[in-house]
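Peer 1: The sequence and its predicted three-dimensional model are supplied below.
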Amino acid sequence: MKKIAILGSTGSIGTQALDIIREHADQYEAYALTAHNSVAKLIEQAREFHPEVVVIANEDHLPAVRDALNDLPIKVFGGAEALCDVVRMSDIDIVLTAMVGFSGLRPTIAAIEAKKTIALANKETLVVAGELITALAQQYRTPILPVDSEHSAIFQSLGGESLDSITRIILTASGGPFRNFTPEEMEHVTAAQALKHPNWEMGAKITIDSATMMNKGFEMIEAKWLFGVKPSQIDVHIHPESIVHSAVEFCDGGVKAQLGVPDMRLPIQYAFSFPERLPLSGERLDLFKAGSLHFERPDFKRFDCLQIAYDAAERGGNMPCIVNAANEVVNLAFRQGRISFPDIARLIRRTMAEAEFITTPTLETYLETDAAVRRLTESYIH
């Protein structure tokens, strides 16, 4: 029985992880559940799964959660620091980092230092501090298993292969809801339109990132650190059907890919069960029904956020941290109707030009950069 801590249990990844635990109750236990503000959903999950620990990161909600669960033998804690404390608990085997954004960094570091297996769904951790995280994982001999469908596909394609034999990673992208929009049409898109992803059910922040293709840029940076390749070795392919989840080209010209229907439960479960596979209920891939599969080159001019991510990865230092912090601010501002869709890339570019660049960042640098860039980007919006 593997005991799992789910950081962000009320989000899209977290709820699907609980689906897997529900389906394989003889294999997995939800040992710790955490959320930031989703009080009602966290309470509902706790009453169903009876975890050992529950954490509500926003301490304002702690009394409400404690009162709702006081009839159950569940330890209830509040605050961001409690997330780091929980992942260090000796009974936990796997930590699923499904939190959104920069907030996942410190709990992931705490879990690595506690030598827990990391099921990584919080891509921003590697985007912001990839060099630090990979060094810590090596130091503590902590496995990091990817949960993003694309990185899981690459990971599965690398089974039995050497990382030294990789010549190219083919990172697939649906293209989002605006794949065929003209620049003029994109000037006027709304948050409601951007939140309607054609293939995947995801949280609001990542859905907007998918619409701008910043999400794919972040996945490129994540792949760089996970698989030890250069950004120039990672090619983004627009694949509207989302059947080929990604592929790897090897030095002999052979290409291996992982295919399947769009279902995030598969990569989540694979991270839990690796190196074994378990049965999973749900739709199966029917290639006759799928018919033709299409691939297109991305338009870096229309989707400047993708180019921004490549520029940040090539420059290194704290530049990816700068981009991530600016993106989190403008992503929210767009959802709130305070800026236009094209403003997202424009404001990130401006922040990149004016924020302090540091070539050899430390953890303290990342924390200071994140706070400073958020203030700077917000000042541009105002």
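Peer 2: Arrived safely. Residues are numbered from 1 along each chain as shown.
Peer 1: mind listing what's buried in stretch 257-264?
Peer 2: Of the residues in stretch 257-264, those scored as buried under the neighbour-count criterion (16 or more other CB atoms under 10 Å) are 257-258, 260-264. All C-beta spots, glycine's among them, are computed from the backbone N, C-alpha and C.
Peer 1: So which of those residues belong to helices?
Peer 2: Cross-referencing these with the helices (criterion: DSSP state H) gives no overlap at all.
Peer 1: Nearest to Gln336 among those?
Peer 2: Using CB to CB, Met264 is the member of the buried residues of stretch 257-264 that lies nearest Gln336, at 26.5 Å.
Peer 1: re the thing from before, and the buried residues of stretch 257-264 as JSON lines, adding pLDDT and distance to Ser273?
Peer 2: Formatted as JSON lines, the entries for these read as follows, by pLDDT from 0 to 100; distance: CB to CB, whole Å:
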{"residue": "Ala257", "pLDDT": "98", "distance to Ser273": "21"}
{"residue": "Gln258", "pLDDT": "98", "distance to Ser273": "15"}
{"residue": "Gly260", "pLDDT": "96", "distance to Ser273": "15"}
{"residue": "Val261", "pLDDT": "94", "distance to Ser273": "19"}
{"residue": "Pro262", "pLDDT": "91", "distance to Ser273": "20"}
{"residue": "Asp263", "pLDDT": "93", "distance to Ser273": "15"}
{"residue": "Met264", "pLDDT": "94", "distance to Ser273": "15"}
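Peer 1: Next, format those residues as CSV and append distance to Lys3.
Peer 2: Formatted as CSV, the entries for those read as follows, by distance: CB to CB, whole Å:
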residue, distance to Lys3
Ala257, 33
Gln258, 28
Gly260, 28
Val261, 29
Pro262, 29
Asp263, 25
Met264, 22
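Peer 1: okay, now the domains of this structure?
Peer 2: 2-146, 150-260+283-300, 316-382 (automatic domain parsing).
Peer 1: Deepest-packed of those domains, please.
Peer 2: The highest mean neighbour count among the domains of the chain belongs to domain 2-146 (a mean of 20), with neighbours defined as mean count of other CB atoms under 10 Å.
Peer 1: Look at Glu364 and tell me its secondary structure.
Peer 2: Secondary structure state of Glu364, per DSSP: H, G, I helix; E, B strand; the rest coil, is helix.
Peer 1: looking at it, Lys230 is touching Lys224, isn't it?
Peer 2: Yes. Under the criterion of CB atoms under 8 Å, Lys230 lies in contact with Lys224, with a separation of 7.0 Å.
Peer 1: give the contact list for the nearest residue to Gly260 once chain neighbours are set aside.
Peer 2: Nearest residue to Gly260, sequence neighbours excluded (CB to CB, 6 or more residues apart in numbering): Leu285, at 5.4 Å. Contacts were defined as CB atoms under 8 Å, 6 or more residues apart in numbering; by that measure Leu285 touches 243, 259-261.
Peer 1: and if you look at Ala137?
Peer 2: The neighbourhood of Ala137, defined by CB under 8 Å, 6+ apart, consists of 112, 118, 143-144.
Peer 1: Contacts for stretch 196-213, please.
Peer 2: The list of residues contacting stretch 196-213 from outside it, by CB under 8 Å, 6+ apart, reads 11-12, 100-101, 173-178, 189, 191, 194-195, 215-216, 218, 240-242, 262, 264, 298, 303, 305-306, 327-328, 331-332, 334-335, 341, 344-345.
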